[in-house]
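Asks: Dropping a prediction and its sequence here:
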Amino acid sequence: MVVIFIICGYEKSCLILTVILSAVTLKSFSQKYTPQVSAYIKINAPTIAITDVKLIDGTGKPAKEHQTVVFSNGKIVSVGDTKKIKVPTDAQVIEGTGKTLTPGLVMLHEHLYYTLPVDNFFNISEMPYSFPRLYLAGGATTVRTAGSIEPQTDLALKRMITEGKVIGPDMDVTAPYIEEQGYEIPALNVIKGPEDAAATVNFWADRGCTSFKMYVHATQADMVAVVREAHKRHLKVTGHIGAVTYHEAAQIGIDNLEHGFLASSDFDSLKTENEVDDSHERQSLIKLDVNSPKMKALMQFMIDKHTTLTSTLTVFEPSTGHEMVPGGGEDAITPLVKEMVQKRWQVAQNKDQAGAALFKKEQSWEKQFYDMGGLLVAGTDPTGAGRVVSGYSNHREIELLVEGGFTPEQAIKICTLNGAVYLEREKEIGTIAPGKRADLVLTDGDITTDIKNIRKTELVFKNGVGFDSQKIFESVKGRVGIN
Ligand SMILES: [Zn+2]
């Protein structure tokens, strides 16, 4: 408001403009929260200034010391050197010395469900209470789910978060998986060919889903139908594919491919069209040289076709010598489930050398794709063997990107601006700049000197409202696996 007032030339018209804008502003930003949500809000004031902080703005540029960020009614007003930025007298001031400020994370491979293994099939269950709040606590202010098992629940949660009734990030909800019969996973949505695939897109798009995901056994014809219907509505399609190669998918016009290159069947010399053999695919990747010219050619083809690649390193993290729950979220899991996860993790100790070597190669391939000019985005995929827990996994994904050779600033860019670019929302979110939404994460410590400090999330501002990260993490201890 103050800024608008100064811009006006004549006092009288200025006053009128101010009154009108006040009404609009009140309407836009008078977000109401239920008491259950308010209990986790630590900072909520019309104008807030974070002073003398280390700033990573999301563009990939080097971090800057001694910066001040002022935001008002949910929007960033000014950003710059602490000595130069004027802090409004009515601002609530947060002293940022010794802390790091980044944009809110924009994570593109999330789920609101979690793995609960049973003996004879792969079981997954919705976590409508713990997961949305864990994502926000871990710094994610925007997520795209990457496949749903209870789309109606995901859509309802999206609405309830918007209405201030549930703690969580903004959500881009992906429809149920588009998959042909293959795996015995009861929660997967199985279609009957291309016509059914097209009908699925239109059914769920009409109900508010804004993204679609092809799965492992879907065919080229299915993909052609899905891409055609989704693109008609200016919606996007991603895939964790297999029967279709990355090259074929990029040619068809898919927007995004999941799991880095670890779901690529392009290098399986025994592959037949529209078929997939998981173990052949994996062996072909294990054999492939890290600097393979064939891989480089595939990367270039994807770049030429504007195919975005999603890194989901967290779900592939080796067991040997690594935490059971990447990012340290063990205590979030309910005891019975934790015991099951622990058993599997222990069994894998010293037996996953091939996976560990492939994991390192994947880190390198993602860096190569980024360096060649590809759009690399990130997500955490809380599935696998139950080791990946939302929120904690946000932190771990950033650590793993840095471990793979990215600078902390680049890793943050992959998890903020790049996600926003994919969602075509980069004018609104993804970096810290005047005019953008005040989606910000304040972390206690310097993440450029030790990336592990990323775990010390203190405040997560969504639309300028500051949530108490640690209090939210505390609130779900022992809940993951139940709800
Ligand atoms: Zn997934």
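Replies: That came in fine, so what should we check first? Numbering: from 1, shown residues only.

Asks: So what's the residue count around Ser279?
Replies: When neighbours are counted by other C-beta atoms under 10 Å, Ser279 registers 8. Heads up, the C-betas are built off the backbone N, CA and C, glycines and all.

Asks: how deep is the residue lying closest to Glu163 once chain neighbours are set aside tucked in, by neighbour count?
Replies: Counting by C-beta to C-beta, 6 or more residues apart in numbering, Glu163 lies nearest to Lys32, which is 7.9 Å off, once chain neighbours are set aside. Neighbouring residues of Lys32 were enumerated by other C-beta under 10 Å; the total is 9.

Asks: any idea whether Lys32 is helix, strand or coil?
Replies: coil (DSSP: H, G, I helix; E, B strand; the rest coil).

Asks: quick one: it and Lys361, what's the gap?
Replies: 50 Å (C-beta to C-beta, to the nearest Å).

Asks: how about Tyr392, what does it touch?
Replies: Counting by C-beta atoms under 8 Å, 6 or more residues apart in numbering, Tyr392 touches 134, 138, 325-329, 332, 455.

Asks: Just want the phi and psi numbers for it.
Replies: phi -60, psi -40 (degrees, to the nearest 10).

Asks: domains for this structure, by residue range?
Replies: Following automatic domain parsing, one gets these domains for the chain: 1-29, 30-102+438-469, 105-422.

Asks: Kindly provide the whole-number mean pLDDT of the last one.
Replies: Right, the one you point to is domain 105-422. Averaging pLDDT along domain 105-422 gives 97.

Asks: same thing with the shortest one?
Replies: This predicted structure assigns domain 1-29 an average pLDDT of 37.

Asks: Name the SS class of the residue of the chain at minimum distance from the ion, please.
Replies: At 4.1 Å from the ion, Asp381 is the closest residue in the chain, using C-beta to the ion. Secondary structure state of Asp381, per three-state DSSP, is coil.

Asks: got it, and the one 3 residues further on?
Replies: Per three-state DSSP, the local secondary structure of Gly384 is coil.

Asks: Can you pull the phi/psi pair for the residue of the chain closest to the ion?
Replies: phi 50, psi 70.

Asks: How about the contacts made by it?
Replies: Asp381 sits next to 109-111, 146, 258-259, 312, 314-315, 388, 393 when contact means C-beta under 8 Å, 6+ apart.

Asks: go on, Gln363?
Replies: Counting by C-beta under 8 Å, 6+ apart, Gln363 touches 313, 400, 403-405.

Asks: how about 7 Å then?
Replies: Gln363 is in contact with 313, 403-404, counting by C-beta atoms under 7 Å, 6 or more residues apart in numbering.

Asks: Considering those, which possesses the most neighbours?
Replies: Leu313 (27 neighbours).

Asks: quick one on the thing from earlier: only whichever of the contacts of Tyr392 are buried, select them in PyMOL.
Replies: Typed into PyMOL, the line below selects the buried ones among the contacts of Tyr392, using 16 or more other C-beta atoms under 10 Å:
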select buried, resi 134+138+325+326+327+329+332+455
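
Asks: Which ones among the contacts of Tyr392 map onto helices?
Replies: Taking DSSP state H as the definition of helices, these contribute Leu134.

Asks: In JSON lines, list the contacts of Tyr392 along with distance to the ion.
Replies: Output for the contacts of Tyr392, formatted as JSON lines (distance: C-beta to the ion, whole Å):
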{"residue": "Leu134", "distance to the ion": "16"}
{"residue": "Gly138", "distance to the ion": "17"}
{"residue": "Val325", "distance to the ion": "17"}
{"residue": "Pro326", "distance to the ion": "15"}
{"residue": "Gly327", "distance to the ion": "17"}
{"residue": "Gly328", "distance to the ion": "21"}
{"residue": "Gly329", "distance to the ion": "17"}
{"residue": "Ala332", "distance to the ion": "19"}
{"residue": "Arg455", "distance to the ion": "23"}
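
Asks: Tabulate the contacts of Tyr392 (JSON lines), appending distance to Ala198.
Replies: Output for the contacts of Tyr392, formatted as JSON lines (distance: C-beta to C-beta, whole Å):
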{"residue": "Leu134", "distance to Ala198": "35"}
{"residue": "Gly138", "distance to Ala198": "36"}
{"residue": "Val325", "distance to Ala198": "39"}
{"residue": "Pro326", "distance to Ala198": "37"}
{"residue": "Gly327", "distance to Ala198": "39"}
{"residue": "Gly328", "distance to Ala198": "43"}
{"residue": "Gly329", "distance to Ala198": "39"}
{"residue": "Ala332", "distance to Ala198": "39"}
{"residue": "Arg455", "distance to Ala198": "44"}
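
Asks: For Thr97, state which of the contacts of Tyr392 is nearest.
Replies: Arg455 (19.6 Å; C-beta to C-beta).

Asks: what's the closest non-adjacent residue to that closest one?
Replies: Closest residue to Arg455 apart from its sequence neighbours, by C-beta to C-beta, 6+ apart: His395 at 4.8 Å.

Asks: In contact with the one you found: list those residues for me.
Replies: Per C-beta under 7 Å, 6+ apart, neighbours of His395: 138, 327, 454-455.

Asks: What is the nearest of the contacts of Gln363 to Val190?
Replies: Of the contacts of Gln363, the one sitting nearest to Val190 (C-beta to C-beta) turns out to be Leu313, at 28.8 Å.

Asks: Just say helix, strand or coil for the nearest residue to that closest one once chain neighbours are set aside.
Replies: Distance criterion C-beta to C-beta, 6+ apart; nearest residue to Leu313, sequence neighbours excluded, is Leu400 at 4.1 Å. Look at Leu400: counting by three-state DSSP, its state is helix.

Asks: what residues does the stretch 301-450 of the chain put near the ion?
Replies: Counting by C-beta under 5 Å from the ion, the stretch 301-450 of the chain comes close to the ion at Asp381.

Asks: how about the helices in the stretch 301-450 of the chain?
Replies: 335-347, 353-371, 392-403, 408-414, 417-422 (DSSP state H, counting those that start in this stretch).

Asks: Done for today, thanks.
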